[in-house]
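Trainee: sequence first, predicted model second:
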Amino acid sequence: MGRNLLLNMADHGFAVVGFDKDAQKGATLESSASSGTTVKGVTTLAEMVQLLEKPRKMMMLVPAGKPVDDVINDLLPLLEKGDIVIDGGNSHYTDTLRRVTFMEGKGFHFMGVGISGGEQGARTGPSIMPGGDPEAYPFVQPILEAVAAKVGGVPCVAHLGKGAAGHYVKMVHNGIEYAIMQLISETYDLLHRGLGLDNDELHKVYRNWNDGELQSFLVEITRDIFLKVDEKTGNRLVDMILDKAGAKGTGKWTSQDAMDLGVPIPVIDMAVCLRELSAYKDERIQAAALYKNPSSDIPVPQEVFIQQVQDALFFGVIISYAQGLAMLHVASKELDMQIPMQEVVKVWRGGCIIRSSLLEVFFKAFQKNPELPNLLLEGEIAQLLQAKKQNMRNMIIHAIHMGYPVAGLMAALSYFDAYRSEKMPTNLIQAQRDYFGAHTYQRIDEPGIFHTEWNK
Ligand SMILES: NC(=O)C1=CN([C@@H]2O[C@H](COP(=O)(O)OP(=O)(O)OC[C@H]3O[C@@H](n4cnc5c(N)ncnc54)[C@H](OP(=O)(O)O)[C@@H]3O)[C@@H](O)[C@H]2O)C=CC1
Ligand SMILES: O=C(CO)[C@H](O)[C@H](O)COP(=O)(O)O
């Protein structure tokens, strides 16, 4: 990520210095630079600091956690007042808050900046989510705007709020990323194991989807994945990959923080859970031998089923964004980050992993109402969901009959059905809590707090 971002900056006319202890990496950086650009690789931080213009603008791209603190500690004796240190990795926002306070106390600027787009995006134009230090931002803004992806000429970067807002927004971005990837994997399961489509047929289905309203980076790469041939066996590579998902933590952090805030994001939660469940491969093999699938017949023509799956994915993807953005809306206030929601959506329109044509619809929604608490309350989005909800239900009924797990899609539909319920059955939960624990309840006909001796 670091090397590619530096090369991108150099291509935009900025002179850059890359630090890596490994001299070979510095040499690779220099040899990959476009002609006419100024790119230097160094093996000590002292050399790097010497070469930079003041105030120095330094970005770390190292794994989250201890490596970030290690690099900061190594830099400290070399810094001068006013220098700007940026963490461009996926750090936990509470670590960023701690580092901001620590560095500010020493007279240095420190900014947490989320970057998305993968290694390729870093080279050609990522989505960039800076937050914090308003004094430092103007110094780095021209660089970030130059290197960021552009949508209609508008750079996919904006200052996204106070403190650790940049890393918070990136964390939620990744939570949404987990959710959409889970939903796509469920559609793959239904079409591949359920319907029996081979990789060429799957490629065509996802190509059609990507050419329509599901257009997005994640559907686009899914389309291409089905064609990739494994050099070792000649099989399609996707069929040779073990079904155990890795995770570096940002999805789990999103779920943990949503629980703390009291914001329901069940599709993201389910995506984290299903990655975890995928790791239990040995137990799954034992359980598969015990419990056979009930039936594999799909009671509708193939093209009807594919349409249902497509509509269900579209529905689920909207709900995933809605949950992540609702979380940001609450976090912005609760954690005093002042996150401009419209800017978040603007920044996500290009360059990032969750970019999709739907972001334009969401952008308009927040343009109309920057304080929109949930996308589901917006008229145009309600129409999109209304148009797909019956196929979402049909698809889930078929999946249940066939015995295929669609936990993410089911979580999306259940959230939708609960969110649109004027009346929930939680009055009964309140009665139970009061019965066994005298936890009290409120009444529908008069204000106040009540308790009943239920078994008298
Ligand atoms: N890869 C991606 O697609 C994306 C990554 N990110 C985030 O960006 C950051 C960097 O990611 P990425 O480039 O993939 O990471 P890498 O694992 O490639 O590591 C980047 C650099 O960090 C160095 N490093 C590792 N451990 C330490 C340490 N203890 N102290 C100092 N340097 C260390 C590595 O050096 P060495 O090679 O010597 O170990 C390497 O040069 C991470 O926070 C990641 O989550 C964000 C968006 C996308
Ligand atoms: O930030 C990213 C993309 O936006 C990184 O690729 C991140 O590592 C992906 O998360 P995980 O490894 O947990 O799947």
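Mentor: Received it, and whenever you're ready, just let me know what you need. Ligands and ions are numbered 1, 2, ... in the order given.
Trainee: for the host helix or strand of Asp224, packing partners?
Mentor: In this structure, Asp224 sits in helix 217-225 according to DSSP states H and E. On a contact count with 3 or more CB pairs under 8 Å, 6 or more residues apart in numbering; DSSP states H and E, helix 217-225 meets helix 165-189, helix 199-210. (Each C-beta comes from the backbone N, C-alpha and C, glycine too.)
Trainee: 6 Å - rerun?
Mentor: Packing partners of helix 217-225 (3 or more CB pairs under 6 Å, 6 or more residues apart in numbering; DSSP states H and E): helix 199-210.
Trainee: enumerate the residues of the stretch 51-200 of the chain near ligand 1.
Mentor: 61-64, 67, 70-71, 89-90, 115-116, 118-119 (CB under 6 Å from any ligand atom).
Trainee: go with 5 Å
Mentor: Contact residues (CB under 5 Å from any ligand atom) of the stretch 51-200 of the chain with ligand 1: 61-62, 64, 67, 70, 89-90, 118.
Trainee: make a PyMOL selection of the buried ones in these.
Mentor: In PyMOL, this line selects whichever of those come out buried by 16 or more other CB atoms under 10 Å:
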select buried, resi 61+62+64+89+90+118
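Trainee: intersect the residues of the stretch 51-200 of the chain next to ligand 1 with the contacts of ligand 2.
Mentor: Applying CB under 5 Å from any ligand atom to those, none is adjacent to ligand 2.
Trainee: wait, does the helix holding Asp224 contact ligand 1?
Mentor: No: Helix 217-225 is not in contact with ligand 1 by CB under 5 Å from any ligand atom; minimum separation 12.4 Å.
Trainee: what count of nearby residues applies to the residue of the stretch 351-456 of the chain found nearest ligand 1?
Mentor: With CB to the nearest ligand atom, the shortest gap between the stretch 351-456 of the chain and ligand 1 falls at Ile353, namely 7.8 Å. Residues lying near Ile353 (other CB atoms under 10 Å) number 21.
Trainee: give the contact list for it.
Mentor: 116, 177, 217 (CB atoms under 6 Å, 6 or more residues apart in numbering).
Trainee: please redo it, this time with the cut-off set to 10 Å
Mentor: Counting by CB atoms under 10 Å, 6 or more residues apart in numbering, Ile353 touches 116-118, 121, 126-127, 173-174, 176-177, 180-181, 216-218, 221.
Trainee: for ChimeraX, what selects the buried ones among those residues?
Mentor: Only the buried entries of those go into this ChimeraX selection, using 16+ other CB under 10 Å:
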select :116,117,118,121,126,127,173,174,176,177,180,181,216,217,218
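Trainee: could you export the helix holding Asp224 as PDB, CA atoms only?
Mentor: What follows is helix 217-225, C-alpha atoms only, in PDB (Å, rounded to 0.1, in the frame of the first residue of the first chain):
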ATOM      1  CA  PHE A 217     -16.500  -3.100  -7.500                       C
ATOM      2  CA  LEU A 218     -17.300  -6.200  -5.500                       C
ATOM      3  CA  VAL A 219     -19.700  -7.700  -8.100                       C
ATOM      4  CA  GLU A 220     -17.200  -6.700 -10.800                       C
ATOM      5  CA  ILE A 221     -14.300  -8.600  -9.200                       C
ATOM      6  CA  THR A 222     -16.600 -11.600  -8.500                       C
ATOM      7  CA  ARG A 223     -17.500 -11.700 -12.200                       C
ATOM      8  CA  ASP A 224     -13.800 -11.900 -13.000                       C
ATOM      9  CA  ILE A 225     -12.800 -14.400 -10.300                       C
END
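Trainee: residues in contact with that helix?
Mentor: 116-118, 121, 177, 180-181, 183-185, 187-188, 199, 202-212, 214, 216, 236-238, 241, 313, 317, 350-356.
Trainee: again, only using 8 Å
Mentor: By CB atoms under 8 Å, 6 or more residues apart in numbering, the residues outside helix 217-225 that reach it are 177, 180-181, 184, 188, 203, 206-207, 209-210, 237-238, 352-356.
Trainee: that one close to ligand 2?
Mentor: No: remark: helix 217-225 sits outside contact range of ligand 2, by CB under 5 Å from any ligand atom, the gap being at least 10.2 Å.
Trainee: stretch 346-358 too?
Mentor: Yes: for stretch 346-358, a contact with ligand 2 is found by CB under 5 Å from any ligand atom, at Ile353.
Trainee: hmm, back to that, against Met181, how distant is the residue of the stretch 351-456 of the chain closest to ligand 1?
Mentor: 9 Å (CB to CB, to the nearest Å).
Trainee: equivalent analysis for Arg236, please.
Mentor: Arg236 is 19 Å from Met181, by CB to CB.
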